[in-house]
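Student: No sequence on hand, only this structure:
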């Protein structure tokens, strides 16, 4: 239960070491989401993305090297809460310290950011995509929606 509370706290706190990034003609700051609306053709930077959520669940935890190196395996669910289809979902990360190069799956890595894999071109309303990773230590990385395009 404590771990779940910790995970929710990590998701709620906007802590990022990222620098500002381009959002159309604007610049979004750390922890913000760049939303592009295909209908109005407008960009905006928001602190809370109501369309897409990222939730994490601990699957397993263990320690290697006689208990000296702890790891935690997480399942991440990215969900579109609507009311429109979304694509180009880009997620920023902080505190991601993967066990090794193969310790993340079903998601594409772009530097320190993550994007939905190429076989998931968009998420319909109510649709989710799951991916997983193994982090060094006892805590989940902070993962937040950095960019989303509304279709």
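Tutor: Now that the structure is in, tell me what you want to look at. Predicted model, so just to flag it, every value in this text is computed and none were measured. Residues are numbered from 1 along each chain as shown.

Student: what ranges do the helices span in the chain?
Tutor: 2-12 (DSSP state H).

Student: Flag the shaky bits of it, pLDDT-wise.
Tutor: Within the chain, the stretches with pLDDT under 70 are 1-18, 38.

Student: go with 50
Tutor: Scanning the chain for pLDDT under 50 picks out 1-17.

Student: Do a quick rundown of the strands in it.
Tutor: 21-23, 26-28, 33-37, 42-46, 52-64, 69-80, 86-94, 104-105, 108-110, 113-115, 122-123, 128-136, 142-150 (DSSP state E).

Student: I'd like to check the angle between the last one and strand 69-80, please.
Tutor: Between strand 142-150 and strand 69-80, the angle formed by their directions is 20 degrees, by axes from the mean of the first three to the mean of the last three Cα atoms, to 10 degrees.

Student: just the third one next, same as before
Tutor: Following the same axes, to 10 degrees, one obtains 20 degrees for the angle between strand 33-37 and strand 69-80.

Student: ditto for the fourth one
Tutor: Strand 42-46 runs at 140 degrees relative to strand 69-80, counting by the same axes, to 10 degrees.

Student: Run through who's touching strand 42-46.
Tutor: Contact with strand 42-46 is made by 23-29, 32-37, as judged by Cβ atoms under 8 Å, 6 or more residues apart in numbering. Yep, even glycine has a C-beta here, placed from its N, CA and C like the rest.

Student: Buried subset of these, written for PyMOL?
Tutor: Applying 16 or more other Cβ atoms under 10 Å to the contacts of strand 42-46 leaves a buried subset, and the PyMOL line that selects it is:
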select buried, resi 23+28+32+33+34+35+36
